[in-house]
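J.: any chance you can model this:
(chains A and B)
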Amino acid sequence: RKEVEQDPGPFNVPEGATVAFNCTYSNSASQSFFWYRQDCRKEPKLLMSVYSSGNEDGRFTAQLNRASQYISLLIRDSKLSDSATYLCVVNIPSGRDDKIIFGKGTRLHILP
Amino acid sequence: ETGVTQTPRHLVMGMTNKKSLKCEQHLGHNAMYWYKQSAKKPLELMFVYSLEERVENNSVPSRFSPECPNSSHLFLHLHTLQPEDSALYLCASSQRATGAIDGYTFGSGTRLTVV
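T.: Okay, here's the model as predicted:
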């Protein structure tokens, strides 16, 4: 099983719809989780951290399910500008230094 | 001046060339990183420098040679590359080398094509 796994998509979603995607991780010792957004030919940028209690930032909601070892990202009332690749990032404690594992990303296309 | 600046933005080089990628951060961070992003693959960590000392080298071929002269500058020297080395090379910095991925700031990357 891969350390961090995401559905590559693409998810083609009409503007205004709600879309959700998950990311599974294999190491139960994983401690920190994040969603990054990467626009085409641009660098990744932090979208939001994922807390145990779940967190919401405007139209975006991130949740963590430790029992099933996955995190999710929900986008409500999607906008054309939400089109991007969403990277799941997992921080795994590993001896002296942590391991940061990136997923391959899920591509999202918002259709007008 | 953006937080992390990478030059050049694009680079095309032959397999026998020698070139260098440059990264500069203006955030006062203590750790800097080189990542490689190939098509359809996740970001791969190549090198980590903390306080100018290399703390991680993820089995990267010797044709990639990093250099960190001070905590604000990071270079990646390239020589005798292969076409499969064509990728987006991203530099990042953070306050410290362990954890805190949310504290990472990425540069815009150098898109490298090896011909």
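J.: what residues does chain A have near chain B?
T.: Residues of chain A lying near chain B by Cβ under 8 Å from any Cβ of the partner chain: A:4, A:8, A:31-32, A:34, A:41-46, A:49, A:87, A:89, A:91, A:93, A:96-98, A:100-105. The way it works is simple: take the backbone N, C-alpha and C, and place the C-beta from them, glycine included.
J.: ok, of those residues, which come out buried?
T.: Buried members of the residues of chain A next to chain B, scored by 16 or more other Cβ atoms under 10 Å in any protein chain shown, are A:4, A:32, A:34, A:43-44, A:46, A:87, A:89, A:91, A:98, A:100-105.
J.: which strands and helices sit next to the one helix or strand in chain B whose mean pLDDT sits lowest?
T.: Least confident helix or strand of chain B, by mean pLDDT, DSSP states H and E, is strand B:53-57 with a mean of 73. Secondary-structure packing of strand B:53-57 (3 or more Cβ pairs under 8 Å, 6 or more residues apart in numbering or on different chains; DSSP states H and E): strand B:44-50, strand B:64-70.
J.: now residue 91: which helix or strand?
T.: No chain was given, so I picked chain A. Assigning secondary structure by DSSP states H and E places A:N91 in strand A:84-92.
J.: oops, wrong one, chain B.
T.: strand B:87-94.
J.: what element comes up after that strand heading to the C-terminus?
T.: strand B:105-106.
J.: and that next one with chain A, contact?
T.: Yes - judged by Cβ under 8 Å from any Cβ, strand B:105-106 and chain A are in contact via B:F106.
J.: right, is whichever helix or strand comes after that strand up against chain A?
T.: The first helix or strand that comes after strand B:105-106 along the chain, using DSSP H and E, is strand B:110-114. Yes - interface with chain A: strand B:110-114 contributes B:R111 (Cβ under 8 Å from any Cβ).
J.: list the contacts of strand B:110-114.
T.: A:41, B:6-15, B:21, B:78, B:81-89 (Cβ atoms under 8 Å, 6 or more residues apart in numbering or on different chains).
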